[in-house]
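K.L.:
Give me coordinates for this.
(2 chains)
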Number of protein chains: 2
Amino acid sequence: MTATPESLNATSSACCAPATDTGECCSLSQGVISAEDAQRIARVLKALADPMRLRLLSHLAAQGCDSVCSCDFTEELGISQPTVSHHMKKLVDAGLITREQRGKWAHYSVVPEAFAEICALLDLR
Amino acid sequence: MTATPESLNATSSACCAPATDTGECCSLSQGVISAEDAQRIARVLKALADPMRLRLLSHLAAQGCDSVCSCDFTEELGISQPTVSHHMKKLVDAGLITREQRGKWAHYSVVPEAFAEICALLDLR
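P.N.:
This next block holds a predicted model:
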């Protein structure tokens, strides 16, 4: 984490902390989750459940709060720009990352709250 | 958690602790993960990424360390025995739960280490 650690701490000051203050968080260990929650969470997990998307995410997450240029992923992972765009769109649609167009290139950032929610869900302590 | 919380604590005494002592754990925030790790983790996430399996898991996880009889899921979620068996097999194959046959019925238990590994992976603090 190289930039604005305060903002990250605000959303995930404790590991597996509830993702939001609005009580939207649920956990697998608290009883049967609703059909609506299950649909929503399954969509996010499906976006995550791809080897290339996990590798792209790991490159992005390693930059902490910094956004990463699209061009950076092609170099780091040796894949084409259309492939990067295809996978990143799935992650944006799932709410796991955000996309900002700057001139020719798209820049991506992680959404820590989305990861905190999944982490809270899977915390079976 | 109703039974033997000590055994759970032994495997996940800290939230998002590394899943094992063998250094197998990886995190998205530590740099680009290997193609092999990405394949393995994607398989586990794919097993999780289904609304019915999330609901079945939430019923199982709510019992803590207790195993749960197959018949219990059909009652709780109003689904057929073949549907339970189909989804539970995917979770067993992914290493997220274990299955033990006791007479006519299968009994299932969560594997806390498998969840701790995914949680550690997604911990972007």
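K.L.:
ok, residues contacting stretch A:99-111?
P.N.:
If you take Cβ atoms under 8 Å, 6 or more residues apart in numbering or on different chains as the criterion, stretch A:99-111 is touched by A:57, A:60-61, A:65-71, A:85, A:88, A:92, A:95-98, B:124. Every residue, glycine included, has its C-beta placed from N, CA and C.
K.L.:
mind listing what's buried in it?
P.N.:
Residues of stretch A:99-111 classed as buried: A:106-111 (neighbour count, 16 or more other Cβ atoms under 10 Å in any protein chain shown).
K.L.:
end-to-end on that stretch?
P.N.:
Stretch A:99-111 stretches 10 Å from its first residue to its last (Cα to Cα, to the nearest Å).
K.L.:
okay, and for chain A, where does confidence drop off?
P.N.:
A:1-25 (pLDDT under 70).
K.L.:
Strands along chain A, start to end?
P.N.:
Shown for chain A, the strands assigned by DSSP state E span residues A:68-69, A:97-102, A:105-110.
K.L.:
who wins for proximity to B:C119 among those strands?
P.N.:
Ranking these by proximity to B:C119 (Cβ to Cβ) places strand A:105-110 first, at 16.3 Å.
K.L.:
The strands of chain A: which one's closest to B:V32?
P.N.:
Closest to B:V32 of those, according to Cβ to Cβ: strand A:68-69, at 11.7 Å.
K.L.:
Of all residues in chain A, which one is nearest the centre?
P.N.:
Compute the mean C-alpha point of chain A, and by Cα atoms, centre = their mean the closest residue is A:L96, 2.9 Å away.
K.L.:
Spatially nearest residue to it, not counting backbone neighbours?
P.N.:
Leaving aside its chain neighbours, A:L96 sits nearest to A:A114 (4.9 Å; criterion: Cβ to Cβ, 6 or more residues apart in numbering or on different chains).
K.L.:
A:A47 is in contact with that neighbour, correct?
P.N.:
No - between A:A114 and A:A47 there is no contact under Cβ atoms under 8 Å: 9.9 Å.
K.L.:
overlap in contacts of those two?
P.N.:
Residues touching both A:A114 and A:A47 by Cβ under 8 Å, 6+ apart: A:94, A:96.
K.L.:
quick one, what contacts the residue of chain A most remote from its centre?
P.N.:
Distance to the chain centre peaks in chain A at A:G31, reaching 25.1 Å (criterion: Cα atoms, centre = their mean). Neighbour list for A:G31: B:58-59, B:62 [criterion: Cβ under 8 Å, 6+ apart].
K.L.:
Now, those residues that are in helices?
P.N.:
Residues of the contacts of A:G31 located in helices (DSSP state H): B:58-59.
K.L.:
most neighbours, which of the contacts of A:G31?
P.N.:
B:S58 (24 neighbours; other Cβ atoms under 10 Å in any protein chain shown).
K.L.:
Does that residue touch A:I33 like I think?
P.N.:
Yes - using Cβ under 8 Å, B:S58 is in contact with A:I33, at 4.5 Å.
K.L.:
hmm, back to that, in JSON lines: the strands of chain A, plus distance to A:Q39.
P.N.:
Below are the strands of chain A laid out as JSON lines (distance: least, Cβ to Cβ, whole Å):
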{"stretch": "strand A:68-69", "distance to A:Q39": "30"}
{"stretch": "strand A:97-102", "distance to A:Q39": "21"}
{"stretch": "strand A:105-110", "distance to A:Q39": "23"}
